[in-house]
Every structure is written in structure tokens, then in C-alpha cells.
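Enquirer: here you go, sequence then predicted model.
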Amino acid sequence: MEIPPKSPDGSEKSPQSKELLTSNTASTLCISSRSESVCTSTSRSKWDIYHKPVIVVSVGAAVFLFGIVITSLSCIQTKNKNVYKMCGPAFLSLGLMLLVCGLVWIPIIRKKQKQRQKSKFLQSLKSFFFNR
């Protein structure tokens, strides 16, 4: 951990180190908090909001397609037919599960975003009328 530089008279910290300290504390608070209401100053892009469900849907689709290929190999190949018959449906079900979970996750995020916007609006109205 670095020691911030002192001012020339040695009594207090320089203004730059104070800025760094406060910005570092705010970013740590935003990163460590589970609630996003603490970090209201930054607006998030759609990718920041939806990247997790998009990744889950993509991986689910890939695993599902891999399961289709493995299952179809059990019909074509005569060697290792039992292995294909066991692994194919497993990949099919795992891929379908991930795909459905990701597709259900997206409307849940949309609903939370709408609720968050409504609560911010109501809080601003409340502060406007009661802080006079």
C-alpha cells in the first residue's frame, strides 16, 4: 500500500491524493455493494445489463446443438453406439436447460429495470415535496 505524498509544509495531504482517496473509496463501494442503488451516478449500457443472460443463452444453444450432433452420431456410427446414446441426451437436456434459463432471465431483468426506474421517480417526488 502506498503512502500518499504530503504537502510541502508536511501538515496535510495534497488535493490530488484526497481526490484519489475519495474516488477509490467510491469505486470500491460500488464494486463491493450487492445493491446497485448505491451507484446511481453511472448509467449502464444494454450490454452491461444483459451480458450474463446472453452468454448463458449462447452456451446453452451451443451445448444443445452439440447434443443434437452426438445423438445423430448414435444413429450413424456402429462403433461406440452406447456412448453416443448416453451422452447425446445428456448434452441435449443440459443445453436446453441453459437455453431456457437464459431466455427466462431476460424478462426478469427488464421487470427489475422498470421497477428501479419507478422507485427512483417516486423517491425524487418524495424528496421534492418533503424537503421544502
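Expert: Yes, it's here.

Enquirer: point me to the helix or strand that includes residue 43.
Expert: Using DSSP states H and E, residue 43 sits within no helix or strand.

Enquirer: switch to numbering from 577
Expert: Understood, numbering begins at 577; the last thing we discussed is residue 619.

Enquirer: same question for whichever strand or helix holds residue 686, mean pLDDT?
Expert: Per DSSP H and E, residue 686 falls inside helix 657-706. Per-residue pLDDT over helix 657-706 has a mean of 90.

Enquirer: residue 681 contacts residue 628, correct?
Expert: Yes: the pair residue 681 / residue 628 is scored as a contact, 7.4 Å apart, by C-beta atoms under 8 Å. (Each C-beta comes from the backbone N, C-alpha and C, glycine too.)

Enquirer: higher neighbour count, these two?
Expert: Neighbours were counted for residue 681 and for residue 628 using other C-beta atoms under 10 Å; residue 681 has more, 16 against 13.

Enquirer: distance of that one relative to residue 663?
Expert: Residue 681 is 27 Å from residue 663, where distance means C-beta to C-beta, to the nearest Å.

Enquirer: ok, residue 702 next?
Expert: In terms of C-beta to C-beta, residue 702 sits 58 Å off from residue 663.

Enquirer: the more surrounded of the two?
Expert: The neighbour count for residue 702 versus residue 663, taken as other C-beta under 10 Å, is higher for residue 663 (17 against 10).

Enquirer: can you tell me the closest non-neighbouring residue to the more buried one?
Expert: Counting by C-beta to C-beta, 6 or more residues apart in numbering, residue 663 lies nearest to residue 646, which is 5.3 Å off, once chain neighbours are set aside.
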